[in-house]
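A.B. asks: sequence below, structure please.
(one chain, ligands or ions: 1)
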Amino acid sequence: MGQWDRFLEPYKQAVDELKIKFKGMRAQYEIENVHSPIEFVTGRVKPLASIYDKCLEKGVSFEPSRKLAEELQDIAGLRIMCQFVDDIETVVNQLRMRNDLRVIEEKDYIAKNKESGYRSYHMIIEYPVQTVHGEIQILAEIQIRTLAMNFWASIEHSLNYKYKGLFPQEIQLRLKRAAEAAFSLDEEMSQIRDEVREAQKYFSEYKETPNTY
Ligand code: 0O2
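C.D. replies: Got it, this is the predicted structure:
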């Protein structure tokens with residue numbers, strides 16, 4: 001087994017475990033028959049080629065080391081997709097309360113989006129992985145976003161790959177506009193949901209009123 005395989009193994013384990021745990025949260029909401037703030041969960045270990053690029057960017061030597069584990073906080077990456085913007089806060093609060101991980105940093109790119117138009121809530125966590133040599137703490141990044149934010153980010157990400165980060169100005173502008181359109185869609189959907197909730201409340205109250213005729 002190569003040095004990199006050995007180094008990356010606990011990250012793979014953490015991603016697999018966290019995916020199961022977050023999917024479990026969704027299952028619990030479903031059993032309780034309440035709206036799940038989690039729509040779906042994905043996870044990945046950063047590919048070696050991306051680790052290499054990040055090392056160049058950050059000026060860290062490309063070798064499996066403690067320094068690299070400290071500098072690259074997203075070698076283990078999880079994504080939690082939500083239907084509504086409000087759900088993001090619910091998920092963030094749930095994660096803050098958990099005893100099996102420790103939140104060490106939060107970045108709110110929803111209140112203040114990135115220059116590109118990117119929106120998402122990021123949490124850097126410390127997660128204990130049990131190995132045959134004992135427990136080790138590893139860092140993982142959890143990105144929490146709506147389906148619309150995810151749609152925008154995945155398309156921008158693939159375009160970014162094609163243009164190697166150097167978008168023509170016209171495309172950059174269009175992407176920013178598309179990010180705003182995605183956010184308007186989120187806002188519109190939240191309003192529709194609130195109105196549906198109000199209507200449901202009204203109808204359930206109305207149904208409970210004894211018929212006086
Ligand atoms: P990939 O391929 O998704 O792994 P960092 O560079 O991570 O050390 P920084 O800048 O503080 O430091 O990280 P940030 O911006 O909080 O989070 C980086 C990750 O967020 C990225 O990882 C992306 O997944 C996502 N992200 C941030 N900005 C954008 C953006 O403008 N567009 C898209 N599509 N995603 C973004 P990687 O490693 O860059 O890429």
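A.B. asks: OK, contacts around the spatially most central residue of the chain?
C.D. replies: The chain has Gln143 as the residue nearest its centroid, 2.3 Å off, counting by CA atoms, centre = their mean. Contact analysis of Gln143 by CB atoms under 8 Å, 6 or more residues apart in numbering lists 77-80, 120-122. In this view, the C-beta of every residue, glycine as well, is placed from N, C-alpha and C.
A.B. asks: again, 6 Å this time
C.D. replies: With contact set as CB atoms under 6 Å, 6 or more residues apart in numbering, Gln143 has these partners: 79, 120, 122.
A.B. asks: up against the ligand, what does this protein have?
C.D. replies: 46, 50, 54, 74, 107, 114, 116, 118, 122, 153, 156-157 (CB under 6 Å from any ligand atom).
A.B. asks: redo the contacts of Gln143 as CSV? Include pLDDT and neighbour count.
C.D. replies: CSV is the format used below for the contacts of Gln143 (pLDDT from 0 to 100; neighbours: other CB atoms under 10 Å):
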residue, pLDDT, neighbour count
Arg79, 98, 20
Ser120, 98, 21
His122, 98, 18
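A.B. asks: nearest to the ligand, of those residues?
C.D. replies: Comparing those against the ligand with CB to the nearest ligand atom places His122 closest, at 5.0 Å.
A.B. asks: which SS class is the closest one?
C.D. replies: strand (DSSP: H, G, I helix; E, B strand; the rest coil).
A.B. asks: still on that earlier bit, kindly state the beta-bridge partners for the residue nearest to the centre of the chain.
C.D. replies: Applying DSSP bridges to Gln143 yields these beta-bridge partners: Arg79, His122.
A.B. asks: state the pLDDT value of it.
C.D. replies: In this model, Gln143 is scored at 98, pLDDT.
A.B. asks: what does the one 10 residues further on give?
C.D. replies: The confidence metric pLDDT takes the value 98 at Ala153.
A.B. asks: kindly report the same for Glu198.
C.D. replies: On pLDDT, Glu198 comes in at 81.
A.B. asks: number of nearby residues for it?
C.D. replies: 10 (other CB atoms under 10 Å).
A.B. asks: for this structure, which helix is longest?
C.D. replies: Using DSSP state H, we find that the single longest helix of the chain is helix 169-208.
A.B. asks: which neighbouring elements make contact with it?
C.D. replies: For helix 169-208, the elements it packs on are helix 147-163, judged by 3 or more CB pairs under 6 Å, 6 or more residues apart in numbering; DSSP states H and E.
A.B. asks: starting at the chain centroid, how far to stretch 59-75?
C.D. replies: Using CA atoms, centre = their mean, to the nearest Å, the mean C-alpha position of stretch 59-75 is found 21 Å from that of the whole chain.
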